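Enquirer: please work out how this folds:
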Amino acid sequence: MKFLHLALLVFTPWPSLNAVAFELPASSTQCIVGTADGWNNSNVTLRLYQKQRGKWNPSGEPWTGRLGKSGLSWGKGIHPVPADVPTKQEGDNRSPAGVFAIGGAWGYEPSIRKHSALPYRQVTSRDLWVEDPTSEKYNYNIVLDHEPTTAWEKKQQMQQTDPVHSLKLFIAHNAPPKVTPNAGSSIFFHIWRGGGSRATAGCTTMDHAKLQWLISQIDPTRKPLYILLPQADYQKFKPLWKLP
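Expert: As a prediction, this is how the structure comes out:
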């Protein structure tokens, strides 16, 4: 068994919650912005932005996606979290809100259309993503040196018969190496269910073709971010955090 960190995947540490001020890192020049109508809403509007000469510019038109069926709660990313607010927990059916690094891609196909610097792993039956908060491997992708045999191993398997999991882009919520038990795991962009008619357990989902396009646009050298907030909070934090 081995822990798998895609070789070029580096997550930004979570800053102190006592941070006086926060702004998007100057080194990040690409981001996806997602806004929902409220904390308990599972619909999201998404848009890709690129930063040029100090200015954020939209890249393409906005599109729709789905979030956790219970809405959003503050996640563990690179942003400070306000005091005395609900935070993401394992199994709460909420998508983590805040600002997050974007990691590598996983899928069933041998290769995908992507930037040459974006790590990609073809998922096999031996790939696990651990969602058991009692495990020391919680929120890690691990690769077994054998086919899964125990009930625990089979429950953590990434490869499923469900096609919505056939292509994923990692959202670095509660990400290694600083993982908090029970704070939420396995948060990805992936294919939506029922043509967008169904919400998720916490991921951000969208049309398959749109996900393929999005992954093809992600450039790891630009330190891409995912910003997910209710619309009112996005407007509140926009001038403070220097959001697009």
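
Enquirer: distance check, Arg126 against Thr87.
Expert: Distance of Arg126 to Thr87, given as C-beta to C-beta, to the nearest Å: 33 Å. (Each C-beta comes from the backbone N, C-alpha and C, glycine too.)

Enquirer: what average pLDDT does stretch 154-167 get?
Expert: Stretch 154-167 shows a mean pLDDT of 92.

Enquirer: list the contacts of it.
Expert: For stretch 154-167, the external contacting residues (C-beta atoms under 8 Å, 6 or more residues apart in numbering) are 105-109, 112, 123-125, 127-132, 141, 148, 190-193, 205, 208, 211-212, 215.

Enquirer: what sits against Asp132?
Expert: Contacts of Asp132 by C-beta under 8 Å, 6+ apart are 138, 152, 155-156.

Enquirer: closest to Leu228 out of the residues you listed?
Expert: Nearest to Leu228 out of those is Tyr138 (C-beta to C-beta; 21.7 Å).

Enquirer: tell me the secondary structure for the closest one?
Expert: coil (DSSP: H, G, I helix; E, B strand; the rest coil).

Enquirer: just the helices from the protein, written as ranges.
Expert: 151-155, 208-217, 231-241 (DSSP state H).

Enquirer: for those helices, give me JSON lines that also has distance to Gly54 and mean neighbour count.
Expert: Converted to JSON lines, the helices of the chain look like this (distance: least, C-beta to C-beta, whole Å; neighbours: other C-beta atoms under 10 Å):
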{"stretch": "helix 151-155", "distance to Gly54": "47", "mean neighbour count": "12"}
{"stretch": "helix 208-217", "distance to Gly54": "21", "mean neighbour count": "17"}
{"stretch": "helix 231-241", "distance to Gly54": "15", "mean neighbour count": "14"}
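
Enquirer: quick one: closest of these to Ile171.
Expert: Nearest of those (C-beta to C-beta): helix 208-217, 12.0 Å.

Enquirer: and the closest one, what does it pack against?
Expert: Applying 3 or more C-beta pairs under 8 Å, 6 or more residues apart in numbering; DSSP states H and E, we find helix 208-217 packed against strand 167-171, strand 188-191.

Enquirer: between those strands, which one is closest to Gly91.
Expert: Minimum separation from Gly91 across the helices and strands packed on helix 208-217 (C-beta to C-beta) falls at strand 188-191, 16.2 Å.
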